[in-house]
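**Student:** what follows is a protein structure lacking sequence information:
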């Protein structure tokens with residue numbers, strides 16, 4: 001084949017004496033069958049000879065060529081050569097052409113390392129075109145990029161998102177130089193995101209580049225965290241050391257739960273940022289009432305919520321007073337609104353509305369399958385949002401048709417019958433919609449990767465959106481209103497307070513007795529009684 005292509009005898013002899021003659025001629029014959037011109041075949045023959053020489057390949061070699069060696073040889077070929085008339089300056093196109101021809105030929109003769117051809121490599125599964133595979137396999141930090149992509153693939157991420165993530169990897173290397181081992185700060189990431197947005201908006205429908213900017217920040221920040229190269233910004237606010245010491249004291253001495261500590265943290269942080277005072281000794285009493293007044297007007301706190309915030313602040317000031325860090329009796333300067341026991345009746349969803357919502361969701365598809373199962377648990381068993389979120393697969397006994405509930409406000413487990421309507425809804429969700437690719441023990445998962453446990457805020461959004469869509473106008477439109485609706489329906493149906501308390505997991509009947517105030521059927525009967533006969 002080479003005799004037909006190379007016509008100069010001295011140059012032909014050079015081709016014939018080089019190693020891997022048969023492999024080169026077979027590949028040239030394959031190209032000739034595709035109808036390429038003589039000039040193209042001559043050019044290809046010259047490159048194949050060059051590849052054999054620069055990679056040091058020999059006849060009968062058993063070792064496969066590494067991608068790094070091909071890349072190094074391509075860069076060497078792209079450098080200027082004084083004695084070569086066509087190589088007097090660096091040409092990026094020469095490097096790309098060398099690599100392209102080398103990879104095609106090495107794949108044809110099965111002499112390239114398995115990383116390029118193996119389906120076990122995620123790069124080969126994501127990209128099919130040769131120039132794409134070359135780009136992503138020859139960029140720096142290959143192992144780190146592959147590990148991050150495989151991590152998200154195991155979490156069930158879509159192929160489109162994985163490709164988007166792979167693109168962000170390369171731009172992170174170019175813009176943030178993470179391949180140098182440097183740490184990435186929030187400021188560095190924002191600057192790189194601005195540069196990326198200018199590039200992305202010219203190649204997409206995102207005119208201002210803000211959508212791509214958010215995605216770049218999300219992907220790159222996650223990758224840097226994955227490699228422990230991201231410097232987390234500190235959440236600084238006045239009096240933070242004292243606040244953290246107080247919360248630590250609450251946890252150790254009072255035994256407060258994580259959620260209590262978290263709530264106290266956000267209240268004290270909001271107070272510290274609003275006042276802006278670093279030393280508690282400089283807190284004037286007048287600023288306390290002004291904080292409560294302004295926050296109540298801003299956030300719409302109820303009297304009970306305001307009293308709770310005042311209680312948190314008083315405890316904090318008492319702690320500071322014991323340590324001698326604030327004025328004496330500073331906590332007494334806070335005035336709490338008067339509250340009354342059972343002053344607010346529970347906000348409940350009328351049972352006919354509950355039935356309408358469940359009927360509409362029953363035969364839905366997609367996200368409606370999950371929402372239907374969630375709403376059933378809220379309505380039928382009166383579960384709280386945290387109890388739904390923490391429900392585990394082991395809590396469902398399919399054979400004995402039982403449901404084991406772990407109530408949030410006491411640790412006593414409840415054994416409830418698994419009603420067919422609830423069991424069918426849960427089974428359909430688990431089979432058709434739930435991501436079962438990992439060994440998560442929680443029933444409800446987010447639909448998108450990384451498929452985290454469904455949060456209570458998401459459950460709140462599910463309940464709130466359904467109530468808004470059906471025009472339910474009640475004071476509290478959340479998942480707890482379905483629990484109240486369940487209790488109210490049962491008491492209106494004639495069930496006793498003890499039975500309802502057992503269902504809801506109440507330890508005291510006084511907690512359940514408040515629903516007697518919304519027992520409209522019994523109250524109406526009392527109103528219609530002939531009181532004159534009783535007097």
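**Tutor:** Arrived safely. Note that the coordinates shown come from a computational prediction; the quantities given were computed from them, not determined experimentally.
**Student:** only C-alpha atoms for contact and neighbour calcs from this point on.
**Tutor:** OK.
**Student:** and the strand or helix carrying residue 306, how far out from the chain's middle?
**Tutor:** For residue 306, the host element (DSSP states H and E) is helix 303-322. Relative to its chain's centre, helix 303-322 lies at 35 Å (CA atoms, centre = their mean, to the nearest Å).
**Student:** packing partners for it?
**Tutor:** If you count contacts as 3 or more CA pairs under 8 Å, 6 or more residues apart in numbering; DSSP states H and E, helix 303-322 packs onto helix 240-249, helix 258-275, helix 285-299.
**Student:** quick one, phi psi at residue 428?
**Tutor:** phi -70, psi -40 (degrees, to the nearest 10).
**Student:** for it, list the residues it contacts.
**Tutor:** residue 369 (CA atoms under 8 Å, 6 or more residues apart in numbering).
**Student:** do you know how far it is from residue 369?
**Tutor:** 7 Å (CA to CA, to the nearest Å).
**Student:** ok, residue 65 next?
**Tutor:** Where residue 369 is concerned, residue 65 sits at a distance of 52 Å (CA to CA).
**Student:** and residue 390, by the same measure?
**Tutor:** Separation of residue 390 from residue 369 (CA to CA): 18 Å.
**Student:** worst mean pLDDT across the helices and strands of the protein, which element?
**Tutor:** Within the chain, confidence by mean pLDDT, DSSP states H and E is lowest for helix 531-534 among all helices and strands, at a mean of 46.
**Student:** show the average pLDDT along the helix or strand hosting residue 492.
**Tutor:** Here residue 492, judged by DSSP H and E, is contained in helix 479-493. If you average the pLDDT over helix 479-493, you get 79.
**Student:** by contact count, what packs against it?
**Tutor:** Using 3+ CA pairs under 8 Å, 6+ apart as the contact test, the elements touching helix 479-493 are helix 351-362, helix 367-380, helix 456-469, helix 497-504, helix 520-527.
**Student:** show me what counts as buried in that helix.
**Tutor:** Within helix 479-493, the residues that count as buried by 16 or more other CA atoms under 10 Å are 479-492.
**Student:** hang on, isn't residue 425 packed against residue 374?
**Tutor:** No - applying CA atoms under 8 Å, one finds residue 425 not in contact with residue 374, separated by 9.1 Å.
**Student:** higher neighbour count, the two?
**Tutor:** residue 374 (23 against 19; other CA atoms under 10 Å).
**Student:** contacting residues around that one?
**Tutor:** 388, 459.
**Student:** quick one: closest of the helices and strands packed on helix 479-493 to residue 78.
**Tutor:** Residue 78 lies closest to helix 367-380 among the helices and strands packed on helix 479-493, at 54.1 Å (CA to CA).
**Student:** contacting residues around the next helix or strand after that closest one?
**Tutor:** Next in sequence after helix 367-380, counting helices and strands by DSSP H and E, comes helix 385-389. Residues outside helix 385-389 that contact it (CA under 8 Å, 6+ apart) are 374, 377-378, 405-408, 442-444, 453-456, 459-460, 479-480.
**Student:** assign the nearest residue to residue 18 once chain neighbours are set aside to helix, strand or coil.
**Tutor:** In space, and not counting its chain neighbours, residue 18 is closest to residue 49: 7.2 Å by CA to CA, 6 or more residues apart in numbering. Secondary structure, DSSP: H, G, I helix; E, B strand; the rest coil: residue 49 is helix.
**Student:** tell me how far residue 49 lies from residue 157.
**Tutor:** In terms of CA to CA, residue 49 sits 44 Å off from residue 157.
**Student:** also residue 363?
**Tutor:** In terms of CA to CA, residue 363 sits 27 Å off from residue 157.
**Student:** what remains of the contacts of helix 385-389 if I keep only buried residues?
**Tutor:** 374, 377-378, 405-407, 442-444, 453-456, 459, 479-480.
**Student:** give the contact list for residue 12.
**Tutor:** For residue 12, counting by CA under 8 Å, 6+ apart, the contacting residues are 2-3, 6.
**Student:** lowest-confidence entry in the residues you listed?
**Tutor:** Within these, lowest confidence goes to residue 3 (73).
**Student:** with adjacent residues omitted, what lies nearest to it?
**Tutor:** Using CA to CA, 6+ apart, the closest residue to residue 3 is residue 12 (7.0 Å).
**Student:** give me phi/psi at that neighbour?
**Tutor:** According to degrees, to the nearest 10, residue 12 has phi -70, psi -40.
**Student:** now residue 442
**Tutor:** As for residue 442, its main-chain torsions (degrees, to the nearest 10) stand at phi -90, psi 140.
**Student:** so it touches residue 453, yeah?
**Tutor:** Yes - judged on CA under 8 Å, residue 442 makes contact with residue 453 at a distance of 6.6 Å.
**Student:** contact partners of stretch 139-152?
**Tutor:** Contacts for stretch 139-152 (CA under 8 Å, 6+ apart): 121-123, 136, 162, 165-166, 169-170, 173, 179, 223, 226-227, 449-450.
**Student:** nearest to residue 312 among those?
**Tutor:** residue 450 (35.7 Å).
**Student:** let me see the contact set for the closest one.
**Tutor:** 152, 155-157.
**Student:** name the helix or strand for it, please.
**Tutor:** Judged by DSSP H and E, residue 450 forms part of no helix or strand.
**Student:** now do residue 327
**Tutor:** Using DSSP H and E, residue 327 falls outside every helix and strand.
**Student:** leaving out the residues flanking it, which one is nearest to it?
**Tutor:** residue 281 (5.8 Å).
**Student:** give me the phi and psi for that neighbour.
**Tutor:** Here is the backbone geometry of residue 281 (degrees, to the nearest 10): phi -70, psi -20.
**Student:** and the pLDDT at residue 513?
**Tutor:** So, for residue 513, pLDDT stands at 57.
**Student:** and for residue 126?
**Tutor:** In this model, residue 126 carries a pLDDT of 89.
**Student:** tell me where this structure is predicted with low confidence.
**Tutor:** Counting by pLDDT under 70, the chain contains low-confidence ranges at 80-92, 114-117, 199-209, 339-346, 409-412, 495-497, 499-500, 502-503, 505-535.
**Student:** residue 25: how many residues sit nearby?
**Tutor:** Residue 25 has 16 nearby residues by other CA under 10 Å.
**Student:** residue 97 now?
**Tutor:** Residues near residue 97, counting by other CA under 10 Å: 14.
**Student:** hang on, the earlier thing: quick check: which of the helices and strands packed on helix 479-493 is buried the most?
**Tutor:** Greatest average neighbour count among those goes to helix 367-380 (a mean of 22), per mean count of other CA atoms under 10 Å.
**Student:** what's near enough to touch residue 229?
**Tutor:** Contact analysis of residue 229 by CA under 8 Å, 6+ apart lists 181-184.
**Student:** where's it relative to residue 71, distance?
**Tutor:** Taking CA to CA, one finds residue 229 at 27 Å from residue 71.
**Student:** same check on residue 316?
**Tutor:** 63 Å.
**Student:** counting neighbours, what do you get for residue 391?
**Tutor:** Residue 391 - counted by other CA under 10 Å - has 19 other residues nearby.
**Student:** make sure it is actually in contact with residue 445.
**Tutor:** No - judged on CA under 8 Å, residue 391 makes no contact with residue 445 at a distance of 10.6 Å.
**Student:** and residue 239, how many residues sit next to it?
**Tutor:** 17.
**Student:** so what does it have for phi and psi?
**Tutor:** Per-residue torsions, residue 239: phi 60, psi 20 (degrees, to the nearest 10).
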